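In: Here you go, sequence then predicted model.
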Amino acid sequence: MTTILEARDLTKRYRLGETTVDALRGVTLAVAAGEFVALMGPSGSGKSTLLQILGGLDQPTGGEVIFEGHDISRLSDDEATRLRRERTGFVFQAFNLIPLLDVRENVGLPFTIAGVDPSRGDAKRRIAEVISLVELTGKERHRPDQLSAGEQQRVAVARALLTRPAIILADEPTGNLDFTTGGDILHALWRTCDADGQTVVLVTHDAKAAAYADRVLVIEDGRILEEIALGRRVDHAAAPLIARLAAIGL
Amino acid sequence: MRGLGRLAWRTLRARPLRALLTAAGVGLGVAVLLASLATTRGIDAAIDRTVADLVGRAEVRVSAFREGGLTPLAIDVIRGTEGVAVVSPELERRTFLAPPPGASGPSDPVTLLGIEPSTHRRVHDLVLVAGASLSRMDEPSALVTERLAEQDGYVLGGELTLQGAGAPVRVRIVGLIAGGGPFVGSAGRTVIVPLDLARGVVGIDGVTRADVLLEPGAGVAEVLERLSLRLVSEPYVVATPRDLAATLHASTQDVQSTIALIAVIALFVGAFLIFNSLSMTVAERAREVGLLRAAGATRGQVVRFVLSGAIAIGLFGSALGVLAGLGLARAMAAFVGSLRGFPAERLESDPSAILVAFSVGVLVTVAAALEPAVRASRISPVEALRARLDLAPARRARLLWLVYMFALVALVGLLAWPPTAGNVGAGRALAVYAALLAAVLVSPLLLPGLARLVGLPIGVLLRLEERLARGSMARDRSRTALTLGALTVGLAMVVALGWSAQGAKAAASAWLADVIPGDEVVTSIRPLPADEGVAEVLAAVPGVLRVSPIATFNLASHGQRLDGAAVSGADLAADGRLRIVAGDRAAALAALDAGGAAIVPLATADRLGLGLGDRLDVAALDGTTLSLSVVAIAERSIPGQSGESVLVGWADATDRLGVAGADFFAVRFEPEASGSERSELEAAARSLALEPNPLSRVQGAVTAALGRVYGLFDALALVAVLVAALGIVNALAMSVIERIRELGVLRAIGMSRRQASRMVVVEATVIGIVGSVFGAATGLTVGAILLLLGGVAFETAGLPWASLATAAVLGIAVSVVAAWWPARVASRVSIVAALSFE
C-alpha cells in the first residue's frame, strides 16, 4: 500500500509561562492510503497535538510531516489553509457545528468557504450524497439544536467527507457520546474506509473506539510506545486490543 | 469583600482593552460635558467682565435715542439729579482714519470715543501699556489701542488724522491701551480723544451716552424715578449693568443651549457603551459568578463585585475625561472667543465645572452598571456551571434599562443645565432627546429586516461572511441594538445639526434678499442727509437702476426700545421686496411715504400684540407722541440691533423722529449691468468715504458666521459618533470572543485568515449601513423639530443632502475602522487554542 502520510522524528515544545512542555519527543510513523489508524493514549500523552500537526493545524518544533509526498510541516498559512480545505477533513470531539446554520449548510461549509455555490449542480448533489451516507436524509433543514448529540456528530462526519479528502483526522469523535451512539459514528468512519478506501486517523483514549482501527499506535509522554496491528475486521471486538495493551502493562 | 475586590480588579486586568475602551467612552462623555460647562460658564463670566468693562463702576447708563445724541442740557439735568455723584459722558462713532504715510490704501474703520477725562477716570479704568492718559478737554491728543497701533503702524508720540464731518483733524498719540481695549464691537480698533474734539470731528453737540455713578446709599430705582420727572425734553434709554448683561446673555442663549444639549447626548451615548461593555463582562464571567455563588457569595457581594469594577472604570475614565475636557474647553474657548459678536475675548475655564463633570461621569458609570450587576447576582450557580452555557438573562440586556438611563441622564442634564441657556433651550433639548430615545427604542424592531435587506448585495459577493455576520448580530439582539442605537444617535445629531445649519443660513440669506432692495449695500459711518446728494451721485453711475436710502435707529414705545428703519416705500414697491402677510402691499408702501404709517415685522407684531389698523405710539423728537397706523405686517423686515425693524417713511423719520440721514444705500443694478459698472460704483462709493459691499458678500459674511458656530456643534456631535465607534469595537470584539470556537472550526476546515477578518468587517459594515439609515431618519426628525422650533420653513431650508451623505459615509467608515482590531483578532486566532477554548 502507498504511504500517504508520514511523520519523521516529530517534536513539539510549548512554553507555558516559566515552564517548557515537550508534548512530542521524536515521533515517527507512517499511514498507508486507505488505512484506519488509531492514536491511543491517556490524557496529556500528546496524541491530540500529534493529530493537529499531522493535519496541518499546527507546526512541529522539529521533524517533518510528509503528506502525499510533500513536506507540510513548514507551510505558510495560506498553503496550510488550502491543504485543509482541499485534502483533509476534520472531526472534533465537541461537535463544532455552526449553530445558526442548518444541516445542509453546515455540511456544505467547505464548498461555501471555497467559493462554490452549495445550492447548485455537483455541489448540491455531493452534499445530498454525504448526508445520505451518514443517514441524515430528511433532516437537511434541521439546525444543530434540533438534532441529538449523535446526529450532530454525524453532520460533522459528513462535512469532513464532503470534498473527498485524502485523509480524515478525527480527534476523540465519540468523547461526548454514549457507547451506542459513539459506536454508530465509528462504524460510519470505518465504512468509508472499508468501502471507499478513505484513509482515517483517529485519536482516542478509549480502547473500544481504537478497536475499529486496522492499526493502533500507543502514545505515552510524547512518544510512540507500541504499535499494535489488528488488521481489517468486520467485528470490532475490543478484547484482543485490550489483551495486547494489558500485555504491555497499559 | 477584599478578596472579591481583588478578583474584580483582576477581572478588569484580564480584559485591559475592553476596560480601556469603556473608560475611553466615559472619558469622552465627561470631556464634552466639562468643555460644555466650562464654555457656558466661561461665556457667562466673560459677559460679566465685558459688562464691567463697558460700564466700569457706573450703576446706570443713560443712552441717547436720537442720532444727535443726548444734548448738553440733558447731561446737566442728569448731573443735577439728587443721588447722582459723577456723570461721565461719551460720544461714540465709527469713522475712518486718513491712511498713514506709506500705507497702500484706506484702512478699516475705527471706533472714535470722545470722553471727558476728569469724569471718565472716576468711572472707568483704562489699562495703558505706554504713555499717559488724557488730561484736558482741549488737547489734540489721543489714546489708541495696541491692536490698532500694530495693524496700522502707529507709535507712541506719532500722529493720526481723524476724518469726519468737517476738515480732517490731526492728533498726537499720547498713550497706548492694552490689547484691543475694553470695548465691544470695535474689533480692537479704538481711538479715544477729548469729548470736545470728538464733537468737532462728528459734527454734533450731543453725546451717545452718560455713565452715572451714584452717591453712596442712593438707590437706583429712586434716582431713575427722579430723572424721569426731570428729563422730559428728549427721549433716552436707561440701562443698569444687569440689563446689559441680560441683553448679552440673550444673544448667546442659542449657542449655550445647543452646546449643553450635545454634551448631554455625548454622555447618553457614553452610557450605552458602559452598559454594553459591563453586560458583556457579566456574560463572559457568568461561570465565575456561578462559582462564587456556589462557594457561598451572597447576591449583594456579587452586585458589589460587578460595581467595584464599574467604579474603577468610572474613576479612571472620568479622570481621563477631565484631562481631555480641559484641552477641549481651551480649544472651544478660543473658538467661541473668535466668533464676532461673542463677548468672550478672554474666556476662562471654571474649576467647579471639573468637579461636576467628574462626579457625573462616575455617577453615570455606576448607574449604567447597576442592571448588569443585579442581573449577575441573579445567575443561578447550577445554570452557570453547566458544560454548555447559554444564559439568556446574562446575555440579553434589557432595553427597559434604556428608559431608566434616559431619565437619569436627562435629570443630570437638567440639573447641570446652564441657567443662562434659557428655558426655551431646555425645552428644545428635551424634545430632541425624546426623539432620539424613541428612535433607539424602535430600532431593534426594524433591525432584523433592515439587516437582511442591507446584507443582500453584500451576500452576492461574500455569501458566507454575510450569513455568519447576520447570525452574529442576531445572537445577542439587545447588544446589537444598543451598539446600533449609539451610532444612530451620533449620526442623527450630525444630520440634524447639518439641517439646522442649512436652514439657518438659508433663512438668513433669504431674509436679506427679501428685504434689501438692492444688489449692493453701500454703508456710511455717519448718517448722510438727503441734501448732501450722495444718492444722486451713486445713481448717476452707469448701470445703476435705483439707489434707495435706508437708516436704522431706535424707537421708544411705551418704555420699550424697538428697532426702527427709515425706508422709501416707493423703492421697496418698485423693487418687489418685502413679503406682506397682512394688509395691502401697494397701499401700505405708499402710506409709508405719505407719513403717519408703519409696517411692523411679524415677530414684533406678535410680541406687542399689534394687528392691522392698530396704532403704534412712539416718542417723537420734541417729546410728544407720534401715533403711527400699522398699515401692514411683514413676514421679515430689515435687521436692527436686536431684532427686526419697524419700517417708517422718510418724512416721519426726519421730521418727527430725529433721523439725520441714511446709514446705508441699497443699490440695484440694471439686469444687464456689467462687472465694470459695479466696479465703477464701488469706486464712486469709496471716493465718498463709503464702504460698498455686494449683497452676496454680506449674505456670505452672515452665513459664514453661522457656519462657524454650527461647525463647533458639528465637532461636538462627532464626539458622540466617536463614542459610538468605541461601542462598536467593544461589541465586535465580544462577538469574536464568543465565536472563538466557531472561528477555530471554520479555520480548521479551510476558512482563510482573510475570510475570517472579512466576516467581522461585513458585520461592522452592516451595522454601519443600518446605523446610517436609522441615523438619517432620526436626524431628519430631530432636524425638523429644530427647524420648527427655530421658525424656519422647510421649503427655505431644503433637504440636507450633504449632511445625509456625510452621515452615510461617516457611519460606514467609522464602523469599518472600528472593526479593524476585532477583525485582526479574528484573523489571528490560533486554531489549536480556539478549538480547546471553553
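Out: Sure thing, it's come through.

In: What's the first helix or strand after the helix-or-strand element of chain B with minimal mean pLDDT?
Out: In chain B, no helix or strand scores lower on mean pLDDT, DSSP states H and E than helix B:392-395, which sits at a mean of 51. Downstream of helix B:392-395, the first helix or strand assigned by DSSP states H and E is helix B:400-416.

In: quick one: that following helix to chain centroid distance?
Out: Centroid separation for helix B:400-416 versus its chain: 24 Å, with C-alpha atoms, centre = their mean, to the nearest Å.

In: Let me see the mean pLDDT of it.
Out: Across helix B:400-416, pLDDT averages out at 75.

In: cool, stretch B:13-25 as well?
Out: Mean pLDDT, computed over stretch B:13-25, is 81.

In: C-alpha coordinates for it, CSV please?
Out: Extracted as CSV, the C-alpha positions of stretch B:13-25 are listed here (Å, rounded to 0.1, in the frame of the first residue of the first chain):
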residue,chain,number,x,y,z
ARG,B,13,-6.9,43.5,34.1
ALA,B,14,-7.8,40.3,32.2
ARG,B,15,-9.5,42.4,29.6
PRO,B,16,-7.4,45.5,29.6
LEU,B,17,-8.5,46.7,26.1
ARG,B,18,-12.2,46.4,26.9
ALA,B,19,-11.7,48.2,30.2
LEU,B,20,-9.7,50.9,28.4
LEU,B,21,-12.4,51.2,25.7
THR,B,22,-15.1,51.6,28.3
ALA,B,23,-13.1,54.1,30.2
ALA,B,24,-12.5,56.0,27.0
GLY,B,25,-16.2,56.1,26.4
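
In: Identify each buried residue in it, please.
Out: Of the residues in stretch B:13-25, B:15, B:18-25 count as buried by neighbour count, 16 or more other C-beta atoms under 10 Å in any protein chain shown. Where you see a C-beta, it was placed from the backbone N, CA and C, and this is true even at glycine.

In: ok, so of the residues you listed, who is nearest chain A?
Out: B:Arg15 (19.4 Å; C-beta to the nearest C-beta).

In: ok, B:Ala777 touching B:Val442?
Out: No: look at B:Ala777 against B:Val442 with C-beta atoms under 8 Å: they stay out of range, at 9.6 Å.

In: the more surrounded of these two?
Out: Remark: of B:Ala777 and B:Val442, B:Ala777 carries more neighbours, 18 against 15, as counted by other C-beta atoms under 10 Å in any protein chain shown.

In: Am I right that that one sits in a helix?
Out: Yes: with DSSP: H, G, I helix; E, B strand; the rest coil as the criterion, B:Ala777 is part of a helix.

In: which element is the nearest residue to it once chain neighbours are set aside on?
Out: What sits nearest to B:Ala777 in space, not counting adjacent residues and going by C-beta to C-beta, 6 or more residues apart in numbering or on different chains, is B:Ala439, at 7.4 Å. Following DSSP H and E, one finds B:Ala439 within helix B:423-461.

In: so that helix versus helix B:400-416, what angle?
Out: Compare the direction of helix B:423-461 with that of helix B:400-416 by axes from the mean of the first three to the mean of the last three C-alpha atoms, to 10 degrees and you get 150 degrees.

In: buried ones in helix B:423-461?
Out: Judged by neighbour count (16+ other C-beta under 10 Å), helix B:423-461 contains these buried residues: B:425-426, B:428-429, B:432-433, B:435-437, B:439-441, B:443-444, B:446-447, B:450-451, B:454-455, B:458-459.

In: now swap in stretch A:176-191 and tell me
Out: Across stretch A:176-191, burial judged by 16+ other C-beta under 10 Å covers A:176-177, A:181-186, A:188-190.

In: count of neighbours near A:Gly231?
Out: By the criterion of other C-beta under 10 Å, A:Gly231 has 8 neighbours.

In: cool, B:Arg79 as well?
Out: Using other C-beta under 10 Å, B:Arg79 has 15 neighbouring residues.

In: now swap in the one 5 residues further on and tell me
Out: As a burial measure, B:Val84 scores 21 neighbours (other C-beta under 10 Å).

In: Check the gap between it and B:Gly219 for me.
Out: Going from B:Val84 to B:Gly219 by C-beta to C-beta, to the nearest Å gives 12 Å.

In: and the longest strand anywhere in chain B, which strands flank it?
Out: As assigned by DSSP state E, the longest strand anywhere in chain B is strand B:544-557. Partner strands and pairing direction for strand B:544-557 (DSSP bridges) are strand B:560-567 (antiparallel), strand B:662-669 (antiparallel).

In: Can you list the buried residues in that strand?
Out: Neighbour-count burial for strand B:544-557 flags B:544, B:546-557 (criterion: 16+ other C-beta under 10 Å).

In: okay, those residues in JSON lines with pLDDT and distance to A:Arg125 next?
Out: Converted to JSON lines, those look like this (pLDDT from 0 to 100; distance: C-beta to C-beta, whole Å):
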{"residue": "B:Val544", "pLDDT": "92", "distance to A:Arg125": "87"}
{"residue": "B:Arg546", "pLDDT": "93", "distance to A:Arg125": "86"}
{"residue": "B:Val547", "pLDDT": "95", "distance to A:Arg125": "89"}
{"residue": "B:Ser548", "pLDDT": "95", "distance to A:Arg125": "87"}
{"residue": "B:Pro549", "pLDDT": "95", "distance to A:Arg125": "91"}
{"residue": "B:Ile550", "pLDDT": "95", "distance to A:Arg125": "87"}
{"residue": "B:Ala551", "pLDDT": "93", "distance to A:Arg125": "91"}
{"residue": "B:Thr552", "pLDDT": "89", "distance to A:Arg125": "87"}
{"residue": "B:Phe553", "pLDDT": "87", "distance to A:Arg125": "92"}
{"residue": "B:Asn554", "pLDDT": "84", "distance to A:Arg125": "92"}
{"residue": "B:Leu555", "pLDDT": "85", "distance to A:Arg125": "92"}
{"residue": "B:Ala556", "pLDDT": "81", "distance to A:Arg125": "95"}
{"residue": "B:Ser557", "pLDDT": "81", "distance to A:Arg125": "92"}
